[in-house]
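K.L.:
I'd like to go over a predicted model; first the sequence, then the structure.
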Amino acid sequence: MDKAGPQIGGKIRRLRRQKHVSQADLANALGISASYLNLLEHNRRNITVPLLFKLAGHFGIEPGELVESDEGQLVGDLMELFGDDLFADSDLTNHEIRDLAFSNPNASRAILRLFDKYQETRGGNGQTPRTDQPAPTGYHMATEAISDFIQENANHFPALEAAAERVRHDIDQASDNFEYGMKSYLANVFGIECKLASLPHGVAQRFDENISRLFISDVLAPETALFAVAHRLAILSAEHQINEIIDQSTLPEEGDAPLLARNVLASYFSAALVMPYEPFLRACREFRYDVERISRRFGASFEQVCHRMTTLQRPGAQGIPMHLVRTDIAGNISKRFSLSGIHIPRHSGACPRWNIYSAFLQPEKVNIQISQMPDGETYFCIAKSIAKGGYRHNAPRRHLSIGLGCHISHGKEMIYADGMDLKDMSQVVPIGVGCRICPRLECGQRAHPPADHRFHLDSSQKLENLYAKMS
C-alpha cells in the first residue's frame, strides 16, 4: 500500500458521520465509488488534489483544514503506551508506531483500550496485577473512554449547538436578562421553579420531582450557579440529541461511561447556551482570545471560557485549533483535549517544565510559554491556576491549573503574544510528554529514565541528577 500523501481518512469519516451522510451518498456527491471512498476513509488510497478540494467544498471547510492530521493524539497515546516497561524489549520505533496509528486507527484505539484495562487491573501504578484480588472500579476506564470520545469528535457536536441556539433564541425573545430569562423558560416550558438552598457539601444542585423544584447550592460562584441551571435545562431540552450522540458512538455500553457521557454532553449544551456559538466566536476574534475579557462579557468562569474555545470547530466558522488541559497540584490530569497537535499524557505524569505546573507558583496570573515538544513542533501556551470552593467560611478549596494553547503558527492571533517575538528561539522552553518517553537525556528535571535507556554511572562522581548519565 502506498503510504505517501496526507492520511486524512479518519477526519473524512468523522465529518461524514457528523453530517449523518452515508458512504454511498457522499461518494455519489463526489463522483466516486463507495468502495473507493471506503478505501480513502481507511487510508488505503492517497487523495488527489481535485478530490481534496471537492471534499473541502462539500463540508464547507478549507482544504488545509482537511489535510491537518486527525491522528496526532492517537500517535502520542500509542508512543506513551509502548514506552511502558511492559514493552521494554519490543524495540518498536517511533516510525512503526506512527505507521500503526495512521494505517489502522481503529486497531490502535482497541490497543489503547486493552492497555487501559491492563492499567486498571494493576492499579494504574505499574505494579503486576494480582489474580487473588478483585479489579478496581471502572472509573478510570470510563473517564479515558469519554476523553477519547471527545477527541474523536473534535469536541464539537453540531446537534447540541443547534438545540442550544433554539432554546437561547426563545429565552432572548422573552427577556433581556439571560439568567432571569432562563429561569422563566424553565418555569414556563417545564413547570420547574429554581431556588437557592443549603445543600450538602459537594452537591451543586438537587431536583425534587415531587414538587418540580430545582434547588441550587447557595455557596456556588455565580457563574457555576448559572451553569447548574443550564445543565438541568440541557437534560430537559436536549435529551433526544444527547441519547442519539451516545447511541452512535463507540463508547462502552456498560459501567459508568454512558452516565458520564450524558453529563459531559449536558455540560456541552450548557456552555453553548450560555456562550452561543456565533457571538462567542465574534468575541474571540474581536478580543483576540482574551479569556478574562470574554469571561466578563458572557458571565462565565476562566475555565468555562477556555473549554468553550476548544469547541469552535463549525465548518466554515472555526476558531483557533486549541488544546486544553486541567491538572491539580499533585499532577493528576482531569481534563485533556488537543486539536493543536500537542500531546497530553494519557497515563504518566506530564512534564514539570510545562507552564501549567509553574502556574501554581503565581496564583491568578496568566503564565505564558512557548513550548517545544521533542519532535520539534512548537506551541504557544497560556496557563492559570485557579481555586474552587464554596462561598463560606473555612470552605475547603481545590487548587487547579488550566492550560490552553495552540500551534505557534496561530500564536499571534492571541492577545497574550503581544510584545513577544515568537521566532526568538531563546524564549522556547523544551518540554516533553512524560519522562518515560521523552528523549531529552540532558533534562535536569527527570523523574524517571527513558524506557529505552539504562543507567551508566561513574562511581567516582556524585551526580546532581541521577538520570543525567544514561547509555
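P.N.:
Received it, and whenever you're ready, just let me know what you need.
K.L.:
Residue 219 is in contact with residue 388, isn't it?
P.N.:
No: with contact defined as CB atoms under 8 Å, residue 219 does not count as touching residue 388 (11.3 Å). (Glycine included, C-beta is placed from N, CA and C.)
K.L.:
for the stretch 101-250 of the chain, what spans make up the helices?
P.N.:
Assigned helices in the stretch 101-250 of the chain, in chain order: 105-121, 139-152, 158-174, 178-190, 222-237, 239-247 (criterion: DSSP state H, counting those that start in this stretch).
K.L.:
Which one of those helices lies nearest to residue 366?
P.N.:
Smallest distance to residue 366 across the helices of the stretch 101-250 of the chain (CB to CB): 17.9 Å, for helix 222-237.
K.L.:
could I get the helices of the stretch 101-250 of the chain as a markdown table with mean neighbour count, distance to residue 273 and mean pLDDT?
P.N.:
As requested, these are exported to a markdown table (neighbours: other CB atoms under 10 Å; distance: least, CB to CB, whole Å; pLDDT from 0 to 100):
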| stretch | mean neighbour count | distance to residue 273 | mean pLDDT |
| --- | --- | --- | --- |
| helix 105-121 | 17 | 31 | 82 |
| helix 139-152 | 20 | 19 | 80 |
| helix 158-174 | 17 | 4 | 97 |
| helix 178-190 | 17 | 8 | 96 |
| helix 222-237 | 21 | 5 | 96 |
| helix 239-247 | 16 | 13 | 95 |
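K.L.:
quick one, which of the ones you listed is nearest to residue 448?
P.N.:
It is, among the helices of the stretch 101-250 of the chain and with distance given as CB to CB, helix 105-121, at 16.2 Å.
K.L.:
Centre of the chain to the closest one, how far?
P.N.:
Using CA atoms, centre = their mean, to the nearest Å, the distance from the centre of helix 105-121 to the centre of the chain it belongs to is 19 Å.
K.L.:
Which helix or strand in this protein has the lowest average pLDDT?
P.N.:
Least confident helix or strand of the chain, by mean pLDDT, DSSP states H and E, is helix 63-67 with a mean of 69.
K.L.:
right, and the helix or strand after that helix?
P.N.:
Downstream of helix 63-67, the first helix or strand assigned by DSSP states H and E is helix 72-82.
K.L.:
And the average pLDDT for that next one is what?
P.N.:
Averaged across helix 72-82, pLDDT comes to 78.
K.L.:
do the same with stretch 356-376
P.N.:
Mean pLDDT, taken over the full extent of stretch 356-376, equals 92.
K.L.:
Please identify the buried residues of that stretch?
P.N.:
356-360, 366-374 (16 or more other CB atoms under 10 Å).
K.L.:
Which of those residues fall within helices?
P.N.:
Among these, the ones falling in helices (DSSP state H) are 356-358.
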